[in-house]
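Undergrad: Sequence first, then the predicted structure, then my questions.
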Amino acid sequence: MSKEEFQNEIKRGNIIEHTYIENRDTYYGSYKPDLDKKIEAGLNIIVNVDIVGAKYFKEKYDATTIFIKPESLDELKGRFTKRDPNISPEEIEKRIQNAQEEVDREMNFYDYVVINANGKLEIAIEKIIDILKKENYSLS
């Protein structure tokens with residue numbers, strides 16, 4: 001949706017948590033009508049949120065929170081350039097700095113931390129599935 005539509009949905013109470021990424025001029029958030037419909041259907045919901053969203057879902061929905069962390073910041077830098085070969089060194093540095101701050105300030109809030117090592121996505125997925133089973137989520 002457009003920025004204007006997004007802001008209107010916030011005012012209506014339909015965006016229950018959100019963040020604005022200034023350097024991308026983009027809003028991210030969770031749309032309550034869609035979320036409620038999925039919960040009513042008995043589905044497990046996986047959201048990719050920042051710390052504000054994680055705290056919101058923990059408090060309001062008793063969510064299990066998982067911090068997915070790269071093996072190293074150098075590895076993360078490689079992922080950025082692989083995804084976007086035209087990314088500027090300044091943008092990479094800004095994102096690396098943001099990632100380091102997230103690890104330093106936020107990682108300890110989460111219930112679990114899973115390392116997503118380069119080339120080993122399957123292992124990270126297996127660990128997340130194990131966590132969800134341990135937390136009694138239905139995985140059928």
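TA: That came through, no problem.
Undergrad: sec struct for the most centrally placed residue in the chain, please.
TA: Centroid-nearest residue in the chain: residue 48, 2.6 Å away (criterion: Cα atoms, centre = their mean). Under DSSP: H, G, I helix; E, B strand; the rest coil, residue 48 falls in the coil class.
Undergrad: And it, how far from residue 57?
TA: Remark: distance between residue 48 and residue 57 (Cβ to Cβ, to the nearest Å) = 11 Å. Yep, even glycine has a C-beta here, placed from its N, CA and C like the rest.
Undergrad: all strands for this structure, in order.
TA: 15-21, 26-31, 66-70, 112-116 (DSSP state E).
Undergrad: what helices or strands is the top helix by length along the chain leaning on?
TA: Counting by DSSP state H, the longest helix found in the chain is helix 89-106. For helix 89-106, the packing partners by 3 or more Cβ pairs under 8 Å, 6 or more residues apart in numbering; DSSP states H and E come out as helix 51-61, strand 66-70, helix 73-83.
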